[in-house]
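> The amino acid sequence is not available; the structure is as follows:
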């Protein structure tokens, strides 16, 4: 569907995910041809005309008032990252969004590279705003089996999750992980979904991964958050559950430091130690991507 704006596509996608019973509407007796709410239902609940809402979805209306945005967000049951995304798209549609900056640098500061080494044996790596793998310590690099088979410029944790043949078995809950990953890409699109590095990655994944294409059209939005855990079935060290943290590196173009931990004395910690026993050749690959 190419009609309308990114705001309109967002509204359509989110409308399709709200059931009539979620907003107190009766189900009725007929067969509903529209998934989720109909346009007229959403318009009525938000207190706007059907014609106005239709023009909003089709990109013919690009300046909804704050009151209209608030009403739509309430009916669509948006909160957190999804609500912020709505406001970003409203700003973009109305021309209030900031112009995109020049392309992000792939250089990682020397102090950050030194920090990666001090974090061993905990796996740690640095990613760009669109999850390009820019640097990693030994265990951080080995956390992604086979990623070094790809050229440096192709090493991206999202691309790996959807396209690398090892990923489906590496992540023990691959379906959940892919859903989070696609929602994270939606979130980092920010006020400009057409930034070159994002557009290129999304375009590639849409063509090569039916799983990604399905998830991308859901318009779920979720920022990457630390404090949770990931379950791995690693081909070299076996099962391990690692807690992870995600930290923004200040004064960069969106670079983030990702670290994993396990409690000492556990089998997860032992597996993490084994992961860190890399050869010198592997250590060289863990240096910054030029």
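Nice, thanks for sending it over. The shown structure was predicted, so the numbers you read here are calculated from the model rather than taken from an experiment.
> Show me the residue at the heart of this protein, geometrically.
By Cα atoms, centre = their mean, the mean C-alpha position of the chain lies nearest to residue 184, the distance being 1.6 Å.
> In a strand, that residue, correct?
No: secondary structure of residue 184 (DSSP: H, G, I helix; E, B strand; the rest coil): helix, not part of a strand.
> Quick check, pLDDT for it.
Per-residue confidence (pLDDT) for residue 184: 88.
> List the residues that contact it.
Residues near residue 184 by Cβ atoms under 8 Å, 6 or more residues apart in numbering: 131, 158, 222-224. From N, CA and C alone the C-beta is placed, and that goes for glycine too.
> burial measure for residue 64, as a count.
22 (other Cβ atoms under 10 Å).
> and what of the one 10 residues further on?
Residue 74 is flanked by 14 other residues according to other Cβ under 10 Å.
> which ones are touching it?
Counting by Cβ under 8 Å, 6+ apart, residue 74 makes contact with residue 46.
> sec struct for it, please.
Three-state call for residue 74 (three-state DSSP): helix.
> same question, residue 232
Assigned with three-state DSSP, residue 232 falls in the strand class.
> And residue 122, by the same measure?
Three-state assignment for residue 122 (three-state DSSP): coil.
> so which of the contacts of residue 184 is the most crowded?
Most neighbours among the contacts of residue 184, by other Cβ under 10 Å: residue 131, with 24 neighbours.
> correct me, but that residue touches residue 156?
Yes: assessed by Cβ atoms under 8 Å, residue 131 is found in contact with residue 156 at 5.3 Å.
> between the two, what contacts are shared?
Common neighbours of residue 131 and residue 156 (criterion: Cβ under 8 Å, 6+ apart): residue 201.
> hey, where'd the strands end up in the stretch 101-250 of the chain?
With DSSP state E, counting those that start in this stretch as the definition, the stretch 101-250 of the chain shows strands at residue ranges 124-127, 133-136, 229-234, 238-248.
> Among these, which comes closest to residue 175?
strand 229-234 (12.4 Å; Cβ to Cβ).
> Wait, residue 272 touches residue 122, no?
Yes: counting by Cβ under 8 Å, residue 272 touches residue 122, with 6.8 Å between them.
> which SS state does the closest residue to residue 247 other than its chain neighbours fall under?
For residue 247, ignoring the flanking residues on the chain, the nearest one in space by Cβ to Cβ, 6 or more residues apart in numbering is residue 257 at 4.7 Å. Following three-state DSSP, the label given to residue 257 is strand.
> ok, so what distance separates residue 257 from residue 139?
Residue 257 is 14 Å from residue 139, where distance means Cβ to Cβ, to the nearest Å.
> Repeat that for residue 84.
Going from residue 84 to residue 139 by Cβ to Cβ gives 34 Å.
> which one of these two has more residues nearby?
A count of neighbours by other Cβ under 10 Å puts residue 139 above the other of residue 84 and residue 139, at 25 against 15.
> Show the model's pLDDT score for the more buried one.
So, for residue 139, pLDDT stands at 94.
> so what's it up against?
Taking Cβ under 8 Å, 6+ apart, one finds 120-124, 272, 275-276, 278 in contact with residue 139.
> Next, format those residues as a markdown table and append distance to residue 202.
Below are those laid out as a markdown table (distance: Cβ to Cβ, whole Å):
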| residue | distance to residue 202 |
| --- | --- |
| 120 | 34 |
| 121 | 34 |
| 122 | 31 |
| 123 | 27 |
| 124 | 27 |
| 272 | 32 |
| 275 | 31 |
| 276 | 34 |
| 278 | 32 |
